[in-house]
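[1] task: produce atomic coordinates for the following.
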Amino acid sequence: MFNPNSNPWLVKDLKFDGDPVACSWHLHRTNAVPENFRTVLERITEEDRETAVKIRNHFRGKLLLLQLGNKPLTRYRSELLKFLTKNSAYAQEEIGMIMSLPMLYEEDLLLDSLKENYNNTPWKNSEVYNQSVERTLNFINSHTKKSQKYSRSRFSSRTKFTCNWLHDENDRLYLIETEDQCPYRMFWQDIIKKPFTIVGKPIKNHSRDDLYYYELHDWFILNK
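    Got it, this is the predicted structure:
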């Protein structure tokens, strides 16, 4: 017979002596298998606690700016704001969201860095898009996601995938997504170690919190 208490996520008593965000960060940092936050608590370091505070402050500030700008919050962000108003308590249905915070935090830090260091101005009318062009791309950095991809792909969106950020000769940003289970992933890691040339159709995208970037359709790599 199924025993609910054997499932680490089905915890009836959700009163908690520590910070569940610190537990989530520790599991992410150590690449550990998800487990009951109570069993993780004894392994939490001071650095984990400090990072949890940074994560909470980051998202509180981000959501506050959105509200001050009269931008509607998505359902996820509304639920996140509700959770952030608590101290250490959390609801059963919030566990998945708490577990997602470390990756979202790393993603936000990277996107903020892209905005500051690369060409994030609105597109000019003279900039070519949605037609085949040749571009030389340089790899910047990447982050991992498990949710729905930004762009369409023949691969399943249920598996973990990597968002690779690159820039061209004009410091315009490009996003190329790669599946972590793609059989060619090691070739890709070798290719992006140095600038490489592609031919493809840049598609404008402005869906990531005021980040101007291109996705590529019908593209291929020129240099071997």
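[2] give me the distance from the helix or strand of the chain with the lowest mean pLDDT to the chain's centre.
    Of all helical and strand segments in the chain, the minimum by mean pLDDT, DSSP states H and E falls on helix 37-41, at a mean of 88. Mean-position distance between helix 37-41 and its chain equals 25 Å (C-alpha atoms, centre = their mean, to the nearest Å).
[3] so for the helix or strand just after that helix, mean pLDDT?
    Downstream of helix 37-41, the next assigned helix or strand under DSSP states H and E is helix 46-68. Computed over helix 46-68, the mean pLDDT rounds to 94.
[4] tell me what whichever helix or strand comes after helix 46-68 is packed against?
    Per DSSP H and E, the first helix or strand lying C-terminal to helix 46-68 is helix 75-84. Other elements packing on helix 75-84 under the criterion 3 or more C-beta pairs under 8 Å, 6 or more residues apart in numbering; DSSP states H and E are helix 46-68, helix 95-117. The C-beta positions use only the backbone N, C-alpha and C, and glycine is treated the same way.
[5] pull the residues that contact the last one.
    This means helix 95-117. By C-beta atoms under 8 Å, 6 or more residues apart in numbering, the surrounding residues in contact with helix 95-117 are 9, 20-21, 24-25, 27-29, 34, 54-55, 58-59, 62, 76, 79-80, 83, 90, 120, 140-141, 143-147, 163, 165, 173, 208-211, 213.
[6] derive a PyMOL selection command for the buried subset of those.
    Applying 16 or more other C-beta atoms under 10 Å to the contacts of helix 95-117, the buried members can be selected in PyMOL as follows:
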select buried, resi 20+21+24+25+27+28+55+58+59+62+80+83+90+120+140+143+145+163+165+173+208+211+213
